[in-house]
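Undergrad: Return a 3D structure for these sequence lines:
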Amino acid sequence: MKTKIAIVGTGGVGGFLGGELAHYYTPGDPEVEIYFISRGEALRNIRANGLRVDAQTGSFVAIPTLATDSAAAIGPMDYVIYCTKAYDVESGIEGIRPCIAPHTVIIPFLNGVDSVEKIRTLLPGNEVWYGCVYVVAYIVEPGHVAERTNGYRYMFGDPEGDPVRQKALATLFERAGIWARWMPDIVRRVWDKFAFISTVATVTSYTDRTYGEVLGDPTDRASLLALLDEFQAVAKALGKELSEAISDLVVQQMERIPGETTTSMQRDFRAHRPTELESLTGYIVRAGERAGVPTPTYRRMYESLKKRL
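TA: Sure thing, here's the model as predicted:
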């Protein structure tokens, strides 16, 4: 029986991973079928010309088994790899219910840590695994994505998930030459990444300054460190493990990135688009309230940013 995988969202994260999968597991593959759930101009271009991927290792065009905006058109999947914005989770899951059967595993590769919780609430009978991704990938134009990472990484897993199925998916990725690994310590890895994206997205959006400007300004740098202290206190209260010296690791990672870099949430605020404020900033404020942990810096920035929406 074939393994059926649906990629929901063909932007940078989903387009690159889905493109790599469809490039290897081409239509007619005897073991694996790859489906894209997309919409709008991206869907039209993929149907007409395939998904164009400019990767660090070379450019190619990927043709899925089917590209569609209708989950009913593809039927039940074995795995659904969910790659939209975090604020689209509830409406997005409702839209793909026709391809979710009792055996379907959902893996969200999204910013934040609340997506797994939300999807498990919506689909209590399904396995929902954690996903963590480090990739610089973006839309060149609809149906055309570029990957420019110095060593991308897709990681997934769930301590309570079926280990046989987790290993099977890892093997499927490995066979295709894709760096996507099953990680037994995935929860710590997800929270380590969240420590970075939550604090950095919050401070850059609040100040509307670049990585280099935040690090180079004593006041902004102190605000970043205050956010990291509050983040660690909330994580500890929630029983979440973080890597040792996580604050130093976050600052060091920022220092390795070009100083003119901005965050996606910051760019969304600038462009007056929907933002991931609730998942990246508001989540820590609310979690702190529930745990009795004060988060004054987070709260100040969160309340200010909410007024800009």
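Undergrad: Strands of the stretch 101-250 of the chain, residue ranges please.
TA: Taking DSSP state E, counting those that start in this stretch, the strands of the stretch 101-250 of the chain run over residues 105-108, 127-128, 130-134, 137-141, 144-147, 153-157, 180-182.
Undergrad: Could you check how far the last one is from the centre of its chain?
TA: Pointing back at strand 180-182 there. 14 Å (C-alpha atoms, centre = their mean, to the nearest Å).
Undergrad: which residues sit against it?
TA: Leu17, Arg153, Tyr154, Met155, Phe156, Gly157, Gln166, Lys167, Leu169, Ala170, Phe173 (C-beta atoms under 8 Å, 6 or more residues apart in numbering). The way it works is simple: take the backbone N, C-alpha and C, and place the C-beta from them, glycine included.
Undergrad: Put the buried members of the residues you listed into a ChimeraX selection.
TA: Of these, the buried ones go into a single ChimeraX selection, burial set by 16 or more other C-beta atoms under 10 Å:
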select :17,154,155,156,157,166,169,170,173
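Undergrad: Can I get the contacts of strand 180-182 in TSV including distance to Pro294 and pLDDT?
TA: Formatted as TSV, these follow (distance: C-beta to C-beta, whole Å; pLDDT from 0 to 100):
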residue	distance to Pro294	pLDDT
Leu17	39	98
Arg153	34	95
Tyr154	36	97
Met155	32	98
Phe156	34	98
Gly157	33	98
Gln166	38	98
Lys167	43	98
Leu169	41	98
Ala170	41	98
Phe173	42	98
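Undergrad: Centroid-nearest residue for the protein?
TA: For the chain, Leu110 is the residue whose C-alpha lies nearest the centre (C-alpha atoms, centre = their mean; 2.2 Å).
Undergrad: could you list every residue that touches that residue?
TA: Leu110 sits next to Tyr82, Cys83, Thr84, Lys85, Ala86, Val89, Gly131, Ser279 when contact means C-beta under 8 Å, 6+ apart.
Undergrad: Tell me how many other residues crowd the fourth one.
TA: Which is Lys85. Burial measure for Lys85: 18 neighbouring residues, criterion other C-beta atoms under 10 Å.
Undergrad: ok, and the closest non-adjacent residue to it?
TA: Distance criterion C-beta to C-beta, 6 or more residues apart in numbering; nearest residue to Lys85, sequence neighbours excluded, is Glu276 at 6.4 Å.
Undergrad: What backbone torsions are found at that neighbour?
TA: Per-residue torsions, Glu276: phi -100, psi 30 (degrees, to the nearest 10).
Undergrad: which ones are touching it?
TA: Lys85, Ala86, Tyr87, Asn111, Gly112, Ala201, Ser264, Met265, Asp268 are the contacts of Glu276 under C-beta under 8 Å, 6+ apart.
Undergrad: Repeat the analysis, applying 10 Å as the threshold.
TA: Contact partners of Glu276, counting by C-beta atoms under 10 Å, 6 or more residues apart in numbering, are 85-88, 110-112, 197-198, 201, 205, 263-265, 268, 282-283.
Undergrad: what do you get for Asp158?
TA: 105, 107, 116, 127-131, 165-166, 182-184, 186-187 are the contacts of Asp158 under C-beta under 10 Å, 6+ apart.
Undergrad: One more: Pro27?
TA: Each residue near Pro27 by C-beta under 10 Å, 6+ apart is listed here: Glu33, Ile34, Ile63, Pro64, Thr65, Leu66.
Undergrad: Tell me how far it lies from Arg44.
TA: Relative to Arg44, Pro27 is positioned 19 Å away (criterion: C-beta to C-beta, to the nearest Å).
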